[in-house]
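> would you be able to build a 3D model of this:
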Amino acid sequence: MKPKAPLPSKDGVAPSYLWLQDAPQQWRDMLVFLCARFPGVSEDTWRQRMARGEVVNQRGEAMTPASPYRRGDCIFYYRDLEGREEVIPFEETILHQDDHLLVVDKPHFVPVIPTGRFLQESLLVRLKKKTGLDNLTPIHRLDRETAGVIIFSHNPDSRGAYQSMFQQRTMDKTYEALAGLLEGRDFPFVYRSRLVDADKFFLMREEAGEPNSETHIDLIERQADQALYRLNPVTGRKHQLRVHMAALGIPILNDSFYPHTVPADAADNYDAPLKLLARSIAFTDPLSGDVRYFESLRRL
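Below you'll find the predicted structure:
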(Lines give C-alpha, C1' and ligand atoms only; values in the text may rest on other atoms or scores of the structure.)
Protein backbone atom coordinates (compact mmCIF):
# COMPACT_ATOMS: atom_id res chain seq x y z
CA MET A 1 0.00 0.00 0.00
CA LYS A 2 1.33 3.43 -0.95
CA PRO A 3 1.80 5.55 2.19
CA LYS A 4 0.88 9.21 2.38
CA ALA A 5 3.89 11.31 1.44
CA PRO A 6 5.10 13.78 4.11
CA LEU A 7 6.90 15.77 1.37
CA PRO A 8 5.11 17.91 -1.24
CA SER A 9 5.68 17.61 -4.99
CA LYS A 10 8.76 19.45 -6.16
CA ASP A 11 8.76 21.01 -9.63
CA GLY A 12 6.04 18.57 -10.72
CA VAL A 13 7.77 15.51 -9.24
CA ALA A 14 6.15 13.62 -6.37
CA PRO A 15 8.56 12.16 -3.80
CA SER A 16 9.63 8.56 -4.26
CA TYR A 17 9.46 6.16 -1.34
CA LEU A 18 11.16 2.98 -0.15
CA TRP A 19 10.21 0.58 2.63
CA LEU A 20 13.19 -0.54 4.71
CA GLN A 21 13.51 -4.31 5.07
CA ASP A 22 15.89 -6.50 7.06
CA ALA A 23 19.29 -4.82 7.02
CA PRO A 24 22.77 -6.28 6.64
CA GLN A 25 25.09 -5.25 9.43
CA GLN A 26 27.18 -3.05 7.13
CA TRP A 27 24.25 -0.62 6.79
CA ARG A 28 25.12 1.10 10.03
CA ASP A 29 23.37 4.35 9.04
CA MET A 30 21.17 5.87 6.35
CA LEU A 31 24.04 7.34 4.34
CA VAL A 32 25.72 3.97 3.95
CA PHE A 33 22.42 2.38 2.98
CA LEU A 34 21.42 5.02 0.43
CA CYS A 35 24.82 4.97 -1.26
CA ALA A 36 24.61 1.16 -1.53
CA ARG A 37 20.97 1.15 -2.67
CA PHE A 38 21.51 3.90 -5.28
CA PRO A 39 25.08 3.53 -6.57
CA GLY A 40 24.42 6.07 -9.32
CA VAL A 41 23.91 8.85 -6.75
CA SER A 42 27.04 10.22 -5.08
CA GLU A 43 27.59 10.48 -1.32
CA ASP A 44 27.87 14.27 -1.61
CA THR A 45 24.50 14.42 -3.35
CA TRP A 46 22.81 12.46 -0.54
CA ARG A 47 24.45 14.70 2.07
CA GLN A 48 23.14 17.79 0.25
CA ARG A 49 19.62 16.36 -0.02
CA MET A 50 19.60 15.51 3.67
CA ALA A 51 20.88 18.98 4.58
CA ARG A 52 17.92 20.45 2.65
CA GLY A 53 15.48 18.21 4.56
CA GLU A 54 14.62 16.25 1.41
CA VAL A 55 15.03 12.77 2.89
CA VAL A 56 12.44 11.97 5.57
CA ASN A 57 10.64 8.99 7.08
CA GLN A 58 6.88 8.35 7.13
CA ARG A 59 6.53 10.53 10.21
CA GLY A 60 8.12 13.47 8.42
CA GLU A 61 11.31 13.23 10.50
CA ALA A 62 14.34 14.45 8.56
CA MET A 63 17.05 11.86 7.99
CA THR A 64 20.68 12.78 8.57
CA PRO A 65 23.75 10.86 7.39
CA ALA A 66 24.04 9.35 10.86
CA SER A 67 20.36 8.37 11.23
CA PRO A 68 20.10 4.66 12.02
CA TYR A 69 18.61 2.20 9.53
CA ARG A 70 15.32 1.05 11.06
CA ARG A 71 13.47 -1.91 9.58
CA GLY A 72 9.83 -1.05 8.89
CA ASP A 73 10.42 2.65 8.25
CA CYS A 74 9.43 4.17 4.94
CA ILE A 75 11.91 6.66 3.49
CA PHE A 76 10.78 9.46 1.18
CA TYR A 77 13.15 11.30 -1.12
CA TYR A 78 13.11 13.24 -4.39
CA ARG A 79 14.34 11.47 -7.47
CA ASP A 80 16.79 13.62 -9.40
CA LEU A 81 19.16 13.24 -12.33
CA GLU A 82 22.87 13.81 -12.22
CA GLY A 83 23.73 16.29 -14.96
CA ARG A 84 21.53 17.92 -17.58
CA GLU A 85 18.43 16.09 -18.79
CA GLU A 86 17.93 15.63 -22.50
CA VAL A 87 15.05 17.73 -23.87
CA ILE A 88 12.59 15.77 -26.02
CA PRO A 89 11.49 18.14 -28.82
CA PHE A 90 7.89 16.94 -29.16
CA GLU A 91 4.80 18.27 -27.40
CA GLU A 92 1.80 16.43 -26.01
CA THR A 93 -1.79 17.57 -26.69
CA ILE A 94 -4.59 17.53 -24.13
CA LEU A 95 -7.68 16.03 -25.79
CA HIS A 96 -10.11 16.14 -22.86
CA GLN A 97 -10.35 17.09 -19.20
CA ASP A 98 -13.21 16.67 -16.74
CA ASP A 99 -13.59 16.22 -12.99
CA HIS A 100 -12.07 12.73 -13.14
CA LEU A 101 -9.97 12.20 -16.27
CA LEU A 102 -7.29 13.88 -18.34
CA VAL A 103 -6.96 12.41 -21.84
CA VAL A 104 -3.73 13.15 -23.69
CA ASP A 105 -2.30 12.61 -27.16
CA LYS A 106 1.28 11.53 -26.39
CA PRO A 107 4.15 12.08 -28.83
CA HIS A 108 6.74 9.46 -29.67
CA PHE A 109 9.86 9.20 -27.48
CA VAL A 110 8.24 10.67 -24.33
CA PRO A 111 8.05 8.24 -21.37
CA VAL A 112 4.76 8.24 -19.47
CA ILE A 113 6.38 8.26 -16.01
CA PRO A 114 9.89 9.18 -14.80
CA THR A 115 12.29 6.46 -15.78
CA GLY A 116 15.97 6.03 -16.56
CA ARG A 117 17.44 9.27 -17.89
CA PHE A 118 14.09 11.09 -18.02
CA LEU A 119 12.40 12.98 -15.19
CA GLN A 120 11.17 16.46 -16.12
CA GLU A 121 10.68 15.26 -19.70
CA SER A 122 8.32 12.46 -18.65
CA LEU A 123 4.70 12.97 -19.66
CA LEU A 124 3.47 12.77 -16.06
CA VAL A 125 5.76 15.56 -14.84
CA ARG A 126 5.13 17.69 -17.92
CA LEU A 127 1.36 17.44 -17.36
CA LYS A 128 1.53 18.14 -13.62
CA LYS A 129 3.41 21.36 -14.35
CA LYS A 130 1.11 22.29 -17.25
CA THR A 131 -2.22 21.61 -15.50
CA GLY A 132 -1.46 21.94 -11.77
CA LEU A 133 -3.16 18.57 -11.20
CA ASP A 134 -0.95 17.06 -8.51
CA ASN A 135 -2.97 13.80 -8.25
CA LEU A 136 -2.39 12.75 -11.85
CA THR A 137 -1.83 9.02 -12.36
CA PRO A 138 -1.83 7.08 -15.66
CA ILE A 139 -4.43 4.32 -15.57
CA HIS A 140 -2.86 2.20 -18.31
CA ARG A 141 0.50 1.75 -20.05
CA LEU A 142 1.93 3.17 -23.25
CA ASP A 143 5.52 2.53 -24.32
CA ARG A 144 7.89 5.48 -24.55
CA GLU A 145 8.36 4.69 -28.24
CA THR A 146 4.60 4.63 -28.97
CA ALA A 147 2.50 7.72 -29.64
CA GLY A 148 -1.22 8.27 -29.16
CA VAL A 149 -4.07 8.29 -26.68
CA ILE A 150 -3.41 7.74 -22.98
CA ILE A 151 -5.75 8.36 -20.06
CA PHE A 152 -4.83 9.79 -16.66
CA SER A 153 -6.92 9.91 -13.49
CA HIS A 154 -6.68 13.01 -11.32
CA ASN A 155 -9.44 12.19 -8.80
CA PRO A 156 -8.40 9.58 -6.20
CA ASP A 157 -12.05 8.95 -5.27
CA SER A 158 -12.99 7.67 -8.75
CA ARG A 159 -9.62 6.27 -9.84
CA GLY A 160 -10.43 2.68 -8.95
CA ALA A 161 -13.56 2.63 -11.10
CA TYR A 162 -11.60 3.67 -14.18
CA GLN A 163 -8.61 1.44 -13.47
CA SER A 164 -10.94 -1.57 -13.23
CA MET A 165 -11.97 -1.06 -16.86
CA PHE A 166 -8.45 -1.85 -18.00
CA GLN A 167 -8.03 -4.68 -15.54
CA GLN A 168 -11.30 -6.25 -16.70
CA ARG A 169 -10.66 -5.42 -20.40
CA THR A 170 -13.98 -3.65 -20.85
CA MET A 171 -12.57 -0.94 -23.11
CA ASP A 172 -11.78 -1.03 -26.83
CA LYS A 173 -8.24 0.03 -27.75
CA THR A 174 -7.31 0.49 -31.39
CA TYR A 175 -3.76 0.92 -32.67
CA GLU A 176 -2.34 1.59 -36.12
CA ALA A 177 1.02 0.32 -37.32
CA LEU A 178 3.15 0.62 -40.44
CA ALA A 179 5.00 -2.56 -41.38
CA GLY A 180 5.94 -4.71 -44.33
CA LEU A 181 3.43 -6.52 -46.51
CA LEU A 182 1.99 -9.71 -45.01
CA GLU A 183 1.22 -12.21 -47.74
CA GLY A 184 -0.83 -15.39 -47.54
CA ARG A 185 -3.29 -14.17 -44.91
CA ASP A 186 -6.97 -13.32 -45.10
CA PHE A 187 -7.86 -10.17 -43.18
CA PRO A 188 -8.97 -9.69 -40.49
CA PHE A 189 -7.45 -12.51 -38.45
CA VAL A 190 -6.58 -13.25 -34.82
CA TYR A 191 -3.04 -13.91 -33.60
CA ARG A 192 -2.46 -15.62 -30.27
CA SER A 193 0.74 -16.69 -28.51
CA ARG A 194 2.34 -17.18 -25.15
CA LEU A 195 4.49 -14.21 -24.08
CA VAL A 196 7.08 -14.42 -21.31
CA ASP A 197 9.96 -12.26 -20.09
CA ALA A 198 13.06 -12.55 -22.22
CA ASP A 199 16.62 -12.79 -20.93
CA LYS A 200 16.94 -9.00 -21.12
CA PHE A 201 14.62 -7.62 -18.46
CA PHE A 202 12.94 -5.06 -20.72
CA LEU A 203 12.09 -7.49 -23.56
CA MET A 204 9.44 -10.15 -24.14
CA ARG A 205 9.55 -13.34 -26.19
CA GLU A 206 7.21 -16.06 -27.36
CA GLU A 207 7.37 -19.63 -26.12
CA ALA A 208 5.36 -22.79 -26.65
CA GLY A 209 2.36 -23.29 -24.41
CA GLU A 210 -1.09 -21.98 -23.63
CA PRO A 211 -1.56 -18.55 -25.28
CA ASN A 212 -1.81 -15.63 -22.87
CA SER A 213 -1.93 -12.84 -25.47
CA GLU A 214 -4.36 -12.09 -28.30
CA THR A 215 -4.38 -9.43 -31.03
CA HIS A 216 -6.93 -8.84 -33.79
CA ILE A 217 -5.17 -7.69 -36.98
CA ASP A 218 -6.72 -6.03 -40.02
CA LEU A 219 -5.36 -4.39 -43.16
CA ILE A 220 -6.26 -0.73 -43.63
CA GLU A 221 -4.34 -0.07 -46.86
CA ARG A 222 -1.33 -1.12 -48.89
CA GLN A 223 1.36 1.47 -49.50
CA ALA A 224 3.87 0.24 -52.13
CA ASP A 225 6.15 -2.19 -50.24
CA GLN A 226 4.52 -1.63 -46.84
CA ALA A 227 1.05 -1.53 -45.33
CA LEU A 228 -0.97 0.24 -42.66
CA TYR A 229 -2.53 -2.18 -40.18
CA ARG A 230 -5.25 -1.88 -37.56
CA LEU A 231 -4.39 -3.71 -34.33
CA ASN A 232 -6.87 -4.42 -31.54
CA PRO A 233 -5.24 -6.03 -28.50
CA VAL A 234 -7.62 -8.16 -26.46
CA THR A 235 -4.98 -8.70 -23.77
CA GLY A 236 -2.47 -6.13 -22.56
CA ARG A 237 0.87 -7.89 -22.34
CA LYS A 238 4.04 -5.81 -22.35
CA HIS A 239 5.20 -5.09 -25.95
CA GLN A 240 2.44 -7.40 -27.18
CA LEU A 241 1.80 -5.69 -30.52
CA ARG A 242 5.50 -5.33 -31.29
CA VAL A 243 6.25 -8.98 -30.54
CA HIS A 244 3.24 -10.23 -32.50
CA MET A 245 4.07 -8.23 -35.60
CA ALA A 246 7.72 -9.31 -35.49
CA ALA A 247 6.65 -12.95 -35.05
CA LEU A 248 4.55 -12.65 -38.21
CA GLY A 249 7.64 -11.56 -40.10
CA ILE A 250 6.56 -7.93 -40.43
CA PRO A 251 8.16 -6.01 -37.55
CA ILE A 252 6.78 -2.51 -37.07
CA LEU A 253 8.88 0.05 -38.91
CA ASN A 254 11.70 1.56 -36.85
CA ASP A 255 11.28 -0.88 -33.96
CA SER A 256 14.54 -0.80 -32.02
CA PHE A 257 13.65 -3.86 -29.90
CA TYR A 258 12.09 -6.47 -32.20
CA PRO A 259 13.32 -8.56 -33.85
CA HIS A 260 16.79 -7.11 -33.11
CA THR A 261 17.71 -4.85 -30.20
CA VAL A 262 19.89 -1.79 -30.76
CA PRO A 263 22.58 -1.02 -28.14
CA ALA A 264 21.11 0.39 -24.92
CA ASP A 265 23.28 3.50 -25.12
CA ALA A 266 22.26 4.37 -28.69
CA ALA A 267 20.82 7.88 -29.06
CA ASP A 268 17.20 8.33 -30.09
CA ASN A 269 16.73 8.91 -33.81
CA TYR A 270 14.00 11.55 -33.84
CA ASP A 271 13.72 11.20 -37.63
CA ALA A 272 12.71 7.54 -37.34
CA PRO A 273 10.02 7.07 -34.66
CA LEU A 274 8.41 3.69 -34.09
CA LYS A 275 5.49 3.53 -36.50
CA LEU A 276 2.96 2.53 -33.86
CA LEU A 277 0.09 4.77 -32.81
CA ALA A 278 -2.55 4.30 -30.11
CA ARG A 279 -5.29 5.57 -32.39
CA SER A 280 -8.31 5.49 -30.07
CA ILE A 281 -9.87 4.29 -26.84
CA ALA A 282 -13.62 3.73 -26.36
CA PHE A 283 -15.46 2.65 -23.21
CA THR A 284 -18.67 2.96 -21.25
CA ASP A 285 -18.05 5.40 -18.43
CA PRO A 286 -18.38 3.52 -15.10
CA LEU A 287 -19.77 6.61 -13.36
CA SER A 288 -22.18 8.14 -15.89
CA GLY A 289 -22.92 5.17 -18.15
CA ASP A 290 -22.12 7.32 -21.20
CA VAL A 291 -20.15 5.93 -24.13
CA ARG A 292 -16.79 7.73 -24.30
CA TYR A 293 -14.52 7.85 -27.35
CA PHE A 294 -11.14 9.55 -27.67
CA GLU A 295 -9.02 9.59 -30.83
CA SER A 296 -5.46 10.71 -31.55
CA LEU A 297 -4.89 13.65 -33.87
CA ARG A 298 -1.57 12.21 -35.02
CA ARG A 299 -0.78 10.37 -38.24
CA LEU A 300 1.83 7.77 -39.01
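> how much space between Lys173 and Arg230?
Here the distance between Lys173 and Arg230 works out to 11 Å (CB to CB, to the nearest Å). Any C-beta I mention is one placed from the backbone N, CA and C, and that applies to glycine too.
> with Leu297 instead?
Relative to Arg230, Leu297 is positioned 17 Å away (criterion: CB to CB).
> same check, this time on His260
Between His260 and Arg230 the distance is 25 Å, computed by CB to CB.
> and what of Phe201?
With distances defined as CB to CB, the gap from Phe201 to Arg230 amounts to 31 Å.
> more crowded one of these two?
Neighbours were tallied for Phe201 and for Arg230 using other CB atoms under 10 Å; the higher tally belongs to Arg230 (16 against 6).
> parallel or antiparallel, which strands does the strand with the most length in the chain pair with?
The strand that spans the most residues within the chain, counting by DSSP state E, is strand 213-223. In the sheet containing strand 213-223, its partner strands are strand 189-197 (antiparallel), strand 226-233 (antiparallel), by DSSP bridges.
> domains of the protein: list them as residue ranges, please.
Each structural domain of the chain that the record assigns through automatic domain parsing is listed here as a residue range: 16-77, 93-295.
> which helix or which strand is home to the residue lying closest to Asp285 once chain neighbours are set aside?
Of all residues not flanking Asp285 in the chain, Arg292 sits nearest, at 5.3 Å (CB to CB, 6 or more residues apart in numbering). Following DSSP states H and E, one finds Arg292 within strand 291-295.
> direction included, what does that strand pair up with?
With DSSP bridges as the test, strand 291-295 is paired with strand 276-284 (antiparallel).
> which positions within the partner strand qualify as buried?
Along strand 276-284, the positions that meet the burial threshold by neighbour count (16 or more other CB atoms under 10 Å) are 276-281, 283.
> one step back: nearest to Lys4, out of the domains of the chain?
For Lys4, the closest of the domains of the chain is domain 16-77, at 8.0 Å, according to CB to CB.
> now the helices: where do they sit in the chain?
Along the chain, counting by DSSP state H, helices occupy 30-37, 43-51, 123-131, 156-167, 240-247.
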